[in-house]
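# Need the 3D shape of this:
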Amino acid sequence: MEHLKYKAGQKWQLKTGAADEVDYVLVVAVDAHPSGEVLNIVIARTHALDGMPYLLAPISLQSLEPALDKLLESDVDVTEHLLSYEEWKIKAQKGRAGFFKVGVAEVVKIILQVKDGA
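This next block holds a predicted model:
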C-alpha cells in the first residue's frame, strides 16, 4: 500500500528538536493497519548510533508525521532494506511483530536500550 503523500524511497529531514541525533529518515515501505498506516523507515545519521549506521523501524504515520519537515529526495533506492522489511512484515502478519506509536527520538532510545540489554 502506498500513501498519497508518503512513498517508498522518500528521504525526509526532521523538524529541529524532533530527534537531534537523527540526520534523516528514509521511507522503505507503507502498510495499512487497522489502527492506521505504518511506515517502515530507516533512521539514519552521519555518525553511527552506538556503532549502528542506521536503524530500521516500523512506526505509525500518526507518530512520525508531526516530526517530518522537508522532503530531501523522492526516489532513493531502498533495495538493501527490503529483506529486513519483508521479515518484519511476515512476523507482523502472524501477530509476532508490531510497530512504534511514539516519536522518532523515543524509537531510537528504545532500540538502543534493547540493543544494550537494558
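# okay, CA-based contacts and neighbour counts for the rest of this
Fine.
# L56 versus A67, what's the distance?
Look at A67 and L56: by CA to CA, to the nearest Å, they are 17 Å apart.
# same deal with G98?
G98 sits 13 Å away from L56 when distances are taken as CA to CA.
# between those two, who's got more neighbours?
Just comparing G98 and L56: by other CA atoms under 10 Å the higher neighbour count belongs to L56, 20 against 15.
# Once you drop chain neighbours, what's closest to the most centrally placed residue in the chain?
A centroid search over the chain (CA atoms, centre = their mean) returns I41, at 2.4 Å, as the residue closest to the centre. In space, not counting the residues next to it along the chain, I41 is nearest to V27; the distance is 4.5 Å by CA to CA, 6 or more residues apart in numbering.
# what secondary structure does that neighbour sit in?
Reducing the assignment at V27 to three states with DSSP: H, G, I helix; E, B strand; the rest coil gives strand.
# Let me see the contact set for it.
Taking CA atoms under 8 Å, 6 or more residues apart in numbering as the criterion, V27 is in contact with Y6, K7, A8, G9, Q10, K11, L39, N40, I41, V42.
# State the pLDDT value of the third one.
Note on A8: pLDDT of 96.
# doesn't V28 make contact with it?
Yes - using CA atoms under 8 Å, A8 and V28 qualify as a contacting pair, with a distance of 4.7 Å.
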